[in-house]
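Visitor: got a structure for you, letters missing:
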(Lines give C-alpha, C1' and ligand atoms only; values in the text may rest on other atoms or scores of the structure.)
Protein backbone atom coordinates (compact mmCIF):
# COMPACT_ATOMS: atom_id res chain seq x y z
CA UNK A 1 0.00 0.00 0.00
CA UNK A 2 1.40 3.36 -1.00
CA UNK A 3 1.53 5.82 1.90
CA UNK A 4 1.34 9.55 1.23
CA UNK A 5 3.05 12.02 3.51
CA UNK A 6 4.71 15.42 3.89
CA UNK A 7 8.23 16.43 4.89
CA UNK A 8 9.24 16.80 8.54
CA UNK A 9 6.72 16.62 11.39
CA UNK A 10 6.87 14.49 14.55
CA UNK A 11 5.86 11.03 15.71
CA UNK A 12 3.78 11.21 18.89
CA UNK A 13 2.15 8.65 21.18
CA UNK A 14 -1.38 8.78 19.83
CA UNK A 15 -3.39 7.42 22.79
CA UNK A 16 -6.18 6.40 20.43
CA UNK A 17 -6.38 2.87 21.83
CA UNK A 18 -8.25 4.29 24.84
CA UNK A 19 -11.41 5.11 22.87
CA UNK A 20 -11.12 3.97 19.25
CA UNK A 21 -13.07 0.76 19.82
CA UNK A 22 -15.89 2.47 21.69
CA UNK A 23 -19.03 2.84 19.51
CA UNK A 24 -20.73 6.22 19.42
CA UNK A 25 -23.16 6.66 22.31
CA UNK A 26 -25.91 9.27 22.45
CA UNK A 27 -26.13 11.99 25.06
CA UNK A 28 -29.33 13.79 26.04
CA UNK A 29 -29.48 17.58 26.31
CA UNK A 30 -29.47 19.18 29.75
CA UNK A 31 -31.72 21.86 31.21
CA UNK A 32 -29.78 24.86 29.92
CA UNK A 33 -27.95 25.21 26.61
CA UNK A 34 -25.60 28.03 25.64
CA UNK A 35 -24.90 29.06 22.05
CA UNK A 36 -22.02 31.47 21.35
CA UNK A 37 -22.70 33.64 18.30
CA UNK A 38 -19.15 33.05 17.07
CA UNK A 39 -18.41 29.35 16.52
CA UNK A 40 -16.59 29.76 13.24
CA UNK A 41 -14.03 31.75 11.29
CA UNK A 42 -15.54 35.01 10.03
CA UNK A 43 -18.17 37.45 11.23
CA UNK A 44 -20.15 36.36 14.33
CA UNK A 45 -23.73 35.31 13.70
CA UNK A 46 -26.52 37.78 14.48
CA UNK A 47 -29.16 36.79 17.06
CA UNK A 48 -32.67 36.60 15.62
CA UNK A 49 -34.42 35.64 18.87
CA UNK A 50 -34.96 37.59 22.08
CA UNK A 51 -35.44 36.86 25.76
CA UNK A 52 -38.74 35.10 26.53
CA UNK A 53 -39.24 33.77 23.00
CA UNK A 54 -40.05 30.07 22.53
CA UNK A 55 -37.89 28.20 20.05
CA UNK A 56 -38.10 24.75 18.43
CA UNK A 57 -35.47 22.09 17.84
CA UNK A 58 -33.78 22.87 14.52
CA UNK A 59 -34.81 26.53 14.57
CA UNK A 60 -32.32 29.17 13.50
CA UNK A 61 -31.54 31.36 16.50
CA UNK A 62 -28.75 33.41 14.90
CA UNK A 63 -28.29 34.21 11.21
CA UNK A 64 -25.08 34.53 9.24
CA UNK A 65 -23.73 38.07 9.07
CA UNK A 66 -21.99 37.88 5.70
CA UNK A 67 -20.53 35.44 3.17
CA UNK A 68 -17.86 34.26 5.65
CA UNK A 69 -20.19 33.59 8.55
CA UNK A 70 -22.47 30.80 9.73
CA UNK A 71 -25.91 30.57 11.35
CA UNK A 72 -26.61 28.90 14.70
CA UNK A 73 -29.52 26.55 15.46
CA UNK A 74 -31.11 25.28 18.64
CA UNK A 75 -30.70 21.59 19.50
CA UNK A 76 -33.79 21.64 21.74
CA UNK A 77 -37.19 23.24 22.07
CA UNK A 78 -37.53 25.69 24.91
CA UNK A 79 -37.45 29.33 25.92
CA UNK A 80 -34.76 31.92 25.32
CA UNK A 81 -33.54 32.65 28.82
CA UNK A 82 -31.11 35.42 27.86
CA UNK A 83 -28.96 36.91 25.13
CA UNK A 84 -25.87 37.88 27.07
CA UNK A 85 -22.17 37.35 27.55
CA UNK A 86 -21.13 33.96 28.92
CA UNK A 87 -17.74 32.33 29.43
CA UNK A 88 -16.56 30.15 26.54
CA UNK A 89 -13.73 27.64 26.08
CA UNK A 90 -10.92 30.18 25.79
CA UNK A 91 -11.79 31.54 29.23
CA UNK A 92 -13.17 34.85 27.95
CA UNK A 93 -16.78 36.07 27.78
CA UNK A 94 -18.60 36.15 24.44
CA UNK A 95 -22.09 37.00 23.22
CA UNK A 96 -24.31 33.94 23.65
CA UNK A 97 -27.94 32.84 23.39
CA UNK A 98 -29.09 30.90 26.47
CA UNK A 99 -31.99 28.48 26.04
CA UNK A 100 -33.98 26.76 28.77
CA UNK A 101 -34.82 23.25 27.55
CA UNK A 102 -38.50 22.39 27.98
CA UNK A 103 -37.95 18.68 27.32
CA UNK A 104 -40.70 18.56 24.67
CA UNK A 105 -38.20 18.08 21.83
CA UNK A 106 -40.65 19.79 19.44
CA UNK A 107 -39.07 20.33 16.04
CA UNK A 108 -39.51 22.82 13.23
CA UNK A 109 -41.69 21.66 10.29
CA UNK A 110 -40.04 19.11 7.95
CA UNK A 111 -37.11 18.56 10.34
CA UNK A 112 -35.53 15.25 9.30
CA UNK A 113 -37.61 14.98 6.12
CA UNK A 114 -35.69 12.91 3.58
CA UNK A 115 -34.91 14.15 0.08
CA UNK A 116 -32.72 12.84 -2.75
CA UNK A 117 -29.74 14.48 -4.39
CA UNK A 118 -31.33 14.05 -7.80
CA UNK A 119 -34.16 16.45 -7.01
CA UNK A 120 -31.76 19.29 -6.15
CA UNK A 121 -29.74 21.61 -8.36
CA UNK A 122 -26.19 22.64 -7.55
CA UNK A 123 -27.41 26.09 -6.56
CA UNK A 124 -29.97 24.60 -4.17
CA UNK A 125 -27.36 22.31 -2.60
CA UNK A 126 -25.01 25.26 -2.07
CA UNK A 127 -27.78 27.24 -0.40
CA UNK A 128 -28.75 24.32 1.85
CA UNK A 129 -25.16 23.77 3.02
CA UNK A 130 -24.58 27.47 3.66
CA UNK A 131 -27.85 27.80 5.59
CA UNK A 132 -27.30 24.62 7.64
CA UNK A 133 -24.63 26.10 9.88
CA UNK A 134 -22.04 23.56 8.73
CA UNK A 135 -18.42 24.59 9.32
CA UNK A 136 -15.04 22.87 9.45
CA UNK A 137 -15.57 20.44 12.32
CA UNK A 138 -11.91 19.49 12.52
CA UNK A 139 -11.30 22.62 14.55
CA UNK A 140 -10.75 25.37 11.99
CA UNK A 141 -14.43 26.32 11.78
CA UNK A 142 -14.39 27.78 8.26
CA UNK A 143 -17.97 27.91 6.88
CA UNK A 144 -18.39 24.87 4.59
CA UNK A 145 -20.81 26.62 2.26
CA UNK A 146 -18.26 29.34 1.51
CA UNK A 147 -15.46 26.79 1.12
CA UNK A 148 -17.43 24.78 -1.45
CA UNK A 149 -18.31 27.94 -3.40
CA UNK A 150 -14.93 29.31 -4.51
CA UNK A 151 -14.65 32.01 -7.17
CA UNK A 152 -12.72 29.67 -9.48
CA UNK A 153 -15.00 26.61 -9.53
CA UNK A 154 -13.78 25.42 -12.99
CA UNK A 155 -10.19 25.31 -11.67
CA UNK A 156 -10.91 23.03 -8.71
CA UNK A 157 -9.77 19.52 -9.61
CA UNK A 158 -9.25 17.98 -6.16
CA UNK A 159 -11.59 17.77 -3.18
CA UNK A 160 -9.63 16.34 -0.23
CA UNK A 161 -11.67 14.78 2.56
CA UNK A 162 -9.65 15.03 5.75
CA UNK A 163 -9.99 11.80 7.71
CA UNK A 164 -6.43 11.96 9.07
CA UNK A 165 -7.45 12.90 12.63
CA UNK A 166 -3.76 13.28 13.46
CA UNK A 167 -4.19 14.86 16.90
CA UNK A 168 -3.43 12.30 19.64
CA UNK A 169 -6.29 10.73 21.63
CA UNK A 170 -9.21 11.97 19.47
CA UNK A 171 -11.26 9.21 17.78
CA UNK A 172 -14.52 11.01 16.94
CA UNK A 173 -13.84 11.10 13.18
CA UNK A 174 -12.59 7.51 13.24
CA UNK A 175 -15.84 6.26 14.74
CA UNK A 176 -17.81 8.27 12.16
CA UNK A 177 -15.83 6.63 9.35
CA UNK A 178 -16.52 3.20 10.85
CA UNK A 179 -20.20 3.69 11.68
CA UNK A 180 -21.42 6.27 9.14
CA UNK A 181 -19.40 5.56 6.00
CA UNK A 182 -22.40 5.47 3.66
CA UNK A 183 -23.65 8.83 4.92
CA UNK A 184 -20.18 10.38 4.63
CA UNK A 185 -19.87 9.27 1.01
CA UNK A 186 -23.30 10.72 0.22
CA UNK A 187 -22.14 14.00 1.77
CA UNK A 188 -19.05 13.91 -0.46
CA UNK A 189 -21.23 13.32 -3.52
CA UNK A 190 -23.28 16.40 -2.58
CA UNK A 191 -20.08 18.43 -2.38
CA UNK A 192 -18.93 17.17 -5.78
CA UNK A 193 -22.18 18.49 -7.27
CA UNK A 194 -20.78 21.97 -6.61
CA UNK A 195 -17.35 21.14 -8.08
CA UNK A 196 -18.04 19.46 -11.43
CA UNK A 197 -14.37 19.18 -12.46
CA UNK A 198 -13.11 17.74 -9.17
CA UNK A 199 -12.41 14.26 -7.93
CA UNK A 200 -12.55 13.48 -4.22
CA UNK A 201 -9.81 11.79 -2.22
CA UNK A 202 -10.63 10.51 1.27
CA UNK A 203 -7.33 10.74 3.16
CA UNK A 204 -6.91 8.54 6.25
CA UNK A 205 -3.80 7.87 8.36
CA UNK A 206 -2.62 4.26 8.36
CA UNK A 207 -3.16 3.86 12.11
CA UNK A 208 -6.84 3.48 11.15
CA UNK A 209 -6.72 0.38 8.91
CA UNK A 210 -10.34 -0.58 9.57
CA UNK A 211 -11.57 2.83 8.37
CA UNK A 212 -9.39 2.58 5.24
CA UNK A 213 -10.78 -0.89 4.53
CA UNK A 214 -14.44 0.08 4.99
CA UNK A 215 -14.23 3.29 2.97
CA UNK A 216 -12.26 1.59 0.18
CA UNK A 217 -15.01 -1.01 -0.15
CA UNK A 218 -17.73 1.66 -0.15
CA UNK A 219 -16.16 3.72 -2.96
CA UNK A 220 -15.58 0.78 -5.30
CA UNK A 221 -17.17 1.63 -8.64
CA UNK A 222 -17.33 5.36 -7.86
CA UNK A 223 -15.14 7.01 -10.50
CA UNK A 224 -14.85 10.36 -8.75
CA UNK A 225 -14.08 9.17 -5.19
CA UNK A 226 -11.01 7.29 -3.98
CA UNK A 227 -9.26 6.54 -0.67
CA UNK A 228 -5.61 7.37 0.08
CA UNK A 229 -3.64 6.03 3.05
CA UNK A 230 -1.42 8.53 4.81
CA UNK A 231 1.68 7.83 6.85
CA UNK A 232 0.87 8.37 10.54
CA UNK A 233 2.73 11.50 11.48
CA UNK A 234 1.78 14.79 13.11
CA UNK A 235 0.52 17.24 11.75
CA UNK A 236 -0.54 15.10 8.79
CA UNK A 237 -4.08 16.50 9.03
CA UNK A 238 -2.97 20.08 8.47
CA UNK A 239 -4.53 21.55 5.32
CA UNK A 240 -1.22 22.46 3.70
CA UNK A 241 0.36 19.12 4.66
CA UNK A 242 -2.55 17.15 3.18
CA UNK A 243 -2.44 19.08 -0.07
CA UNK A 244 1.31 18.57 -0.42
CA UNK A 245 1.14 14.88 0.51
CA UNK A 246 -1.54 14.10 -2.07
CA UNK A 247 -0.76 16.54 -4.90
CA UNK A 248 2.76 17.90 -4.19
CA UNK A 249 1.28 21.41 -4.52
CA UNK A 250 2.55 23.99 -2.03
CA UNK A 251 0.23 26.46 -0.28
CA UNK A 252 1.38 29.43 1.79
CA UNK A 253 -0.41 32.03 3.90
CA UNK A 254 -0.78 34.46 1.00
CA UNK A 255 -3.03 32.19 -1.04
CA UNK A 256 -5.99 29.86 -0.56
CA UNK A 257 -5.97 26.13 -1.30
CA UNK A 258 -8.50 26.90 -4.05
CA UNK A 259 -5.79 28.94 -5.78
CA UNK A 260 -3.94 25.64 -6.19
CA UNK A 261 -7.02 23.79 -7.39
CA UNK A 262 -7.74 22.11 -4.06
CA UNK A 263 -10.41 22.26 -1.38
CA UNK A 264 -10.10 20.42 1.94
CA UNK A 265 -13.17 19.39 3.95
CA UNK A 266 -13.20 17.51 7.26
CA UNK A 267 -14.79 14.06 7.40
CA UNK A 268 -17.27 15.14 10.11
CA UNK A 269 -18.25 18.14 7.99
CA UNK A 270 -19.15 15.70 5.19
CA UNK A 271 -21.49 13.90 7.59
CA UNK A 272 -23.03 17.27 8.54
CA UNK A 273 -23.47 18.04 4.82
CA UNK A 274 -25.25 14.69 4.42
CA UNK A 275 -27.69 15.52 7.23
CA UNK A 276 -28.34 18.99 5.81
CA UNK A 277 -28.84 17.94 2.18
CA UNK A 278 -30.49 14.52 2.53
CA UNK A 279 -32.24 14.84 5.91
CA UNK A 280 -33.12 18.55 6.15
CA UNK A 281 -31.25 18.82 9.46
CA UNK A 282 -29.07 21.80 10.38
CA UNK A 283 -25.92 21.34 12.45
CA UNK A 284 -27.17 20.87 16.03
CA UNK A 285 -24.96 18.03 17.26
CA UNK A 286 -21.51 16.56 16.83
CA UNK A 287 -19.39 13.58 17.94
CA UNK A 288 -17.12 14.32 20.90
CA UNK A 289 -14.39 12.02 22.21
CA UNK A 290 -14.00 11.94 26.01
CA UNK A 291 -10.68 10.33 26.85
CA UNK A 292 -7.26 10.60 28.44
CA UNK A 293 -5.59 8.79 31.32
CA UNK A 294 -7.75 10.83 33.69
CA UNK A 295 -11.11 9.76 32.20
CA UNK A 296 -13.02 6.99 33.96
CA UNK A 297 -14.63 5.60 30.81
CA UNK A 298 -13.07 6.84 27.55
CA UNK A 299 -15.76 6.94 24.87
CA UNK A 300 -17.27 8.75 21.89
CA UNK A 301 -20.55 10.57 22.37
CA UNK A 302 -23.09 12.17 20.04
CA UNK A 303 -23.52 15.50 21.85
CA UNK A 304 -26.14 18.25 21.35
CA UNK A 305 -24.41 21.58 20.72
CA UNK A 306 -24.84 23.99 23.61
CA UNK A 307 -24.46 21.56 26.51
CA UNK A 308 -21.55 22.17 28.90
CA UNK A 309 -18.26 20.29 28.90
CA UNK A 310 -18.96 19.32 32.50
CA UNK A 311 -22.22 17.63 31.46
CA UNK A 312 -20.44 15.71 28.69
CA UNK A 313 -17.72 14.53 31.05
CA UNK A 314 -20.35 13.43 33.57
CA UNK A 315 -22.27 11.52 30.87
CA UNK A 316 -19.03 9.71 30.04
CA UNK A 317 -18.50 8.54 33.61
CA UNK A 318 -16.61 11.54 34.95
CA UNK A 319 -12.93 12.00 35.69
CA UNK A 320 -10.71 9.96 37.95
CA UNK A 321 -9.91 11.32 41.37
CA UNK A 322 -6.74 13.35 41.09
CA UNK A 323 -7.22 14.42 37.45
CA UNK A 324 -5.53 17.80 37.22
CA UNK A 325 -5.78 18.97 33.61
CA UNK A 326 -8.67 19.17 31.15
CA UNK A 327 -8.28 20.09 27.49
CA UNK A 328 -10.90 20.93 24.88
CA UNK A 329 -9.59 19.54 21.61
CA UNK A 330 -6.30 17.74 21.11
CA UNK A 331 -3.21 17.94 23.33
CA UNK A 332 -1.20 19.68 20.61
CA UNK A 333 -3.57 22.41 19.40
CA UNK A 334 -6.41 22.26 21.92
CA UNK A 335 -7.23 24.65 24.77
CA UNK A 336 -6.53 23.90 28.42
CA UNK A 337 -9.67 24.73 30.41
CA UNK A 338 -9.78 26.47 33.78
CA UNK A 339 -13.47 25.54 34.01
CA UNK A 340 -15.61 22.82 32.43
CA UNK A 341 -18.72 24.98 32.70
CA UNK A 342 -18.38 26.20 29.12
CA UNK A 343 -20.51 25.15 26.13
CA UNK A 344 -19.73 22.55 23.50
CA UNK A 345 -19.62 24.33 20.15
CA UNK A 346 -19.30 23.27 16.53
CA UNK A 347 -15.51 22.89 16.75
CA UNK A 348 -15.44 20.97 20.08
CA UNK A 349 -13.97 17.62 19.05
CA UNK A 350 -12.95 16.20 22.43
CA UNK A 351 -12.52 16.55 26.16
CA UNK A 352 -9.23 15.19 27.46
CA UNK A 353 -8.58 14.47 31.15
CA UNK A 354 -5.03 14.00 32.42
CA UNK A 355 -3.56 12.93 35.74
CA UNK A 356 -0.49 15.12 35.23
CA UNK A 357 0.13 18.56 33.75
CA UNK A 358 3.39 18.17 31.86
CA UNK A 359 3.37 21.81 30.77
CA UNK A 360 2.99 23.15 34.30
CA UNK A 361 5.71 20.81 35.56
CA UNK A 362 8.23 21.72 32.86
CA UNK A 363 10.82 24.40 33.54
CA UNK A 364 12.09 26.58 30.71
CA UNK A 365 15.85 26.80 30.27
CA UNK A 366 18.06 28.58 27.75
CA UNK A 367 18.02 27.61 24.08
CA UNK A 368 20.99 25.34 23.31
CA UNK A 369 20.68 25.89 19.54
CA UNK A 370 20.28 22.17 18.92
CA UNK A 371 18.10 22.80 15.85
CA UNK A 372 15.51 20.16 16.69
CA UNK A 373 12.68 22.67 16.29
CA UNK A 374 13.80 23.54 12.76
CA UNK A 375 14.17 19.86 11.95
CA UNK A 376 10.52 19.07 12.61
CA UNK A 377 8.77 22.27 11.44
CA UNK A 378 6.39 21.30 8.61
CA UNK A 379 6.59 24.86 7.29
CA UNK A 380 10.42 24.83 7.05
CA UNK A 381 10.78 27.72 9.48
CA UNK A 382 13.54 28.38 12.03
CA UNK A 383 11.61 28.59 15.30
CA UNK A 384 14.50 29.52 17.61
CA UNK A 385 15.26 32.64 15.53
CA UNK A 386 11.58 33.57 15.34
CA UNK A 387 11.20 33.26 19.11
CA UNK A 388 14.22 35.45 19.67
CA UNK A 389 12.73 38.12 17.40
CA UNK A 390 9.36 38.14 19.22
CA UNK A 391 10.98 38.32 22.64
CA UNK A 392 13.03 41.28 21.42
CA UNK A 393 9.83 42.96 20.17
CA UNK A 394 11.29 42.82 16.68
CA UNK A 395 8.08 41.89 14.93
CA UNK A 396 9.34 43.08 11.56
CA UNK A 397 12.09 40.45 11.72
CA UNK A 398 9.59 37.86 12.99
CA UNK A 399 7.51 38.48 9.87
CA UNK A 400 10.56 38.33 7.58
CA UNK A 401 11.49 34.99 9.14
CA UNK A 402 8.10 33.65 8.06
CA UNK A 403 6.08 34.25 11.22
CA UNK A 404 2.80 34.39 9.30
CA UNK A 405 3.49 30.90 7.90
CA UNK A 406 3.50 29.30 11.36
CA UNK A 407 0.48 26.99 11.66
CA UNK A 408 0.79 26.77 15.46
CA UNK A 409 0.92 22.96 15.33
CA UNK A 410 3.19 22.74 18.38
CA UNK A 411 5.74 20.37 16.83
CA UNK A 412 8.65 22.68 17.69
CA UNK A 413 7.62 23.05 21.33
CA UNK A 414 7.06 19.29 21.57
CA UNK A 415 10.68 18.46 20.71
CA UNK A 416 12.37 21.43 22.43
CA UNK A 417 14.72 20.10 25.17
CA UNK A 418 14.78 23.56 26.76
CA UNK A 419 10.97 23.52 27.15
CA UNK A 420 10.63 26.95 25.53
CA UNK A 421 6.92 27.75 24.91
CA UNK A 422 7.54 28.35 21.23
CA UNK A 423 3.94 27.94 20.07
CA UNK A 424 2.64 30.47 22.60
CA UNK A 425 5.38 32.90 21.58
CA UNK A 426 4.38 32.60 17.93
CA UNK A 427 0.69 33.00 18.71
CA UNK A 428 1.55 36.30 20.39
CA UNK A 429 3.75 37.34 17.46
CA UNK A 430 1.05 36.58 14.90
CA UNK A 431 -1.58 38.35 16.97
CA UNK A 432 0.65 41.42 17.07
CA UNK A 433 1.07 41.33 13.28
CA UNK A 434 -2.69 41.00 12.81
CA UNK A 435 -3.36 43.88 15.20
CA UNK A 436 -0.87 46.23 13.55
CA UNK A 437 -2.25 45.34 10.11
CA UNK A 438 -5.78 46.11 11.27
CA UNK A 439 -4.70 49.38 12.85
CA UNK A 440 -2.85 50.35 9.70
CA UNK A 441 -6.04 49.87 7.67
CA UNK A 442 -7.93 52.05 10.12
CA UNK A 443 -5.20 54.70 10.08
CA UNK A 444 -4.01 54.01 13.65
CA UNK A 445 -0.42 53.92 14.84
CA UNK A 446 -0.36 50.16 15.52
CA UNK A 447 0.88 50.47 19.09
CA UNK A 448 -0.38 47.80 21.47
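Guide: Ah, there it is. Just so it is clear, the structure is predicted and the values come from calculations on it, not from any experiment.
Visitor: I figured residue 228 hits residue 4, correct?
Guide: Yes - the pair residue 228 / residue 4 is scored as a contact, 5.5 Å apart, by C-beta atoms under 8 Å. The C-beta positions use only the backbone N, C-alpha and C, and glycine is treated the same way.
Visitor: Common neighbours of those two, please.
Guide: 203, 246 (C-beta atoms under 8 Å, 6 or more residues apart in numbering).
Visitor: Next, the distance between the ends of stretch 186-202.
Guide: 13 Å (C-alpha to C-alpha, to the nearest Å).
Visitor: Show me the strands in the stretch 251-400 of the chain, by range?
Guide: Remark: strands assigned in the stretch 251-400 of the chain by DSSP state E, counting those that start in this stretch are 262-266, 285-291, 299-304, 325-328, 335-336, 350-354.
Visitor: Reformat the ones you listed into a markdown table and put distance to residue 129 next to each item.
Guide: A markdown table is the format used below for these (distance: least, C-beta to C-beta, whole Å):
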| stretch | distance to residue 129 |
| --- | --- |
| strand 262-266 | 10 |
| strand 285-291 | 16 |
| strand 299-304 | 21 |
| strand 325-328 | 26 |
| strand 335-336 | 27 |
| strand 350-354 | 25 |
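Visitor: Quick one: closest of those strands to residue 101.
Guide: Closest approach to residue 101 among the strands of the stretch 251-400 of the chain is made by strand 299-304 (9.2 Å; C-beta to C-beta).
Visitor: Given the closest one, what are its sheet partners and their directions?
Guide: Using DSSP bridges, strand 299-304 pairs in its sheet with strand 24-26 (parallel), strand 285-291 (antiparallel).
Visitor: remind me, longest helix of this protein?
Guide: Using DSSP state H to define each element, the chain has its longest helix at helix 422-442.
Visitor: Which strands or helices does that one pack on?
Guide: Secondary-structure packing of helix 422-442 (3 or more C-beta pairs under 8 Å, 6 or more residues apart in numbering; DSSP states H and E): helix 383-391, helix 395-400, helix 411-415.
Visitor: now these in JSON lines, with mean neighbour count?
Guide: Below are these laid out as JSON lines (neighbours: other C-beta atoms under 10 Å):
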{"stretch": "helix 383-391", "mean neighbour count": "21"}
{"stretch": "helix 395-400", "mean neighbour count": "17"}
{"stretch": "helix 411-415", "mean neighbour count": "22"}
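Visitor: can you tell which of these is closest to residue 358?
Guide: The nearest among these, by C-beta to C-beta, is helix 411-415 at 10.4 Å.
Visitor: any idea of the mean pLDDT in stretch 184-192?
Guide: Stretch 184-192 carries an average pLDDT of 97.
Visitor: ok, back up a step: looking at the strands of the stretch 251-400 of the chain, which has the lowest confidence?
Guide: Minimum mean pLDDT among these: strand 335-336, a mean of 92.
Visitor: What is that one packed up against?
Guide: Strand 335-336 packs on strand 325-328, going by 3+ C-beta pairs under 8 Å, 6+ apart.
Visitor: partners of the strand it packs on in the sheet?
Guide: strand 335-336 (antiparallel), strand 350-354 (antiparallel).
Visitor: Where does the prediction get shaky in the protein?
Guide: Within the chain, the segments meeting pLDDT under 70 span 444-448.
Visitor: give me that answer again for 90
Guide: Applying pLDDT under 90 to the chain flags residues 1-2, 66-67, 90, 139-140, 253-254, 358-362, 437-448.
Visitor: hey, where'd the helices end up in it?
Guide: 122-131, 144-147, 172-179, 181-192, 209-218, 239-247, 267-279, 309-315, 358-361, 372-376, 383-391, 395-400, 411-415, 422-442.
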